[in-house]
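Trainee: after the sequence you'll find the predicted model.
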Amino acid sequence: MGFVSILLALSFAPFISTLFIDFIISLIVGSVSLGLFVIIQRRLAVPLVDLKVMSHKVIVPGNISLLSFGIFQYLIFQAVPILGQSPTSIGGFGLYAVGVGILQLLFSIAIVILGPIEGIIAANYGATKLLIPSALTILLSFTLLTFLHSTPEQVGISLIFFGIGSGLFVTLDAIIILFIPKDIMSTSEAVMNTLRIIGGA
């Protein structure tokens, strides 16, 4: 309930001038619910989410990174179709839906081709060694897309880099799992994916 209410508040935020009450109520309900959840979980002998494990010095930065990745990912997934379909008179590319799909296909192709290779590298040399290169590649792609987006070719190059970085970044899950006890691994995975989704929202 806490996360759902927070996500509702985020959904109401762009329309806060007309949905101010809805935004405030959702934000309060979400904050109170999450606060009660933390208090209750701390008191339970067998908590649903082990907050002590979740506060590990490796897991916390990892979850923050996944949250940030969700933000970058959905910013790009939202921005590229809007840019592609907008008329050229206002700076868009004037593409039809198929053209926008082909433009975004470059991201998927990069993951499909390089994903297995990146997995082999992670298995042979360790996932931790890929984390910084992946973060830098994602940052590079986001920077390129921010400043160089006047042609479909420029956007396509940015999406290729983003696909490369995304393929590398999934190794973060493997890194976090190394520090999680097996008996709470499923719960921890759920927390990680929830944070990624919240970042996207």
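Mentor: Right, received. Where do you want to start? Numbering: from 1, shown residues only.

Trainee: give me the spatial nearest neighbour of the residue nearest the centre of the chain, chain neighbours excluded.
Mentor: Geometric centre of the chain, nearest residue: residue 70, 1.2 Å, by C-alpha atoms, centre = their mean. In space, and not counting its chain neighbours, residue 70 is closest to residue 199: 2.4 Å by C-beta to C-beta, 6 or more residues apart in numbering. C-beta coordinates here come from the backbone N, C-alpha and C atoms, glycine included.

Trainee: hang on, the one you found packs against residue 71?
Mentor: Yes: judged on C-beta atoms under 8 Å, residue 199 makes contact with residue 71 at a distance of 4.5 Å.

Trainee: more neighbours: those two, which one.
Mentor: residue 199 (19 against 16; other C-beta atoms under 10 Å).

Trainee: does that one sit in a helix or strand, and which one?
Mentor: helix 185-200 (DSSP states H and E).

Trainee: other SSEs contacting the longest helix along the chain?
Mentor: Longest helix of the chain, by residue count under DSSP state H: helix 97-125. Helices and strands touching helix 97-125, by 3 or more C-beta pairs under 8 Å, 6 or more residues apart in numbering; DSSP states H and E, are helix 59-85, helix 128-147, helix 152-169, helix 171-177.

Trainee: one more pass at 7 Å, please.
Mentor: Helix 97-125 sits against helix 59-85, helix 128-147, helix 152-169, with contacts defined as 3 or more C-beta pairs under 7 Å, 6 or more residues apart in numbering; DSSP states H and E.

Trainee: got CSV for those, with distance to residue 2 and mean pLDDT too?
Mentor: Conversion of the helices and strands packed on helix 97-125 to CSV gives the following (distance: least, C-beta to C-beta, whole Å; pLDDT from 0 to 100):
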stretch, distance to residue 2, mean pLDDT
helix 59-85, 16, 81
helix 128-147, 29, 83
helix 152-169, 27, 85
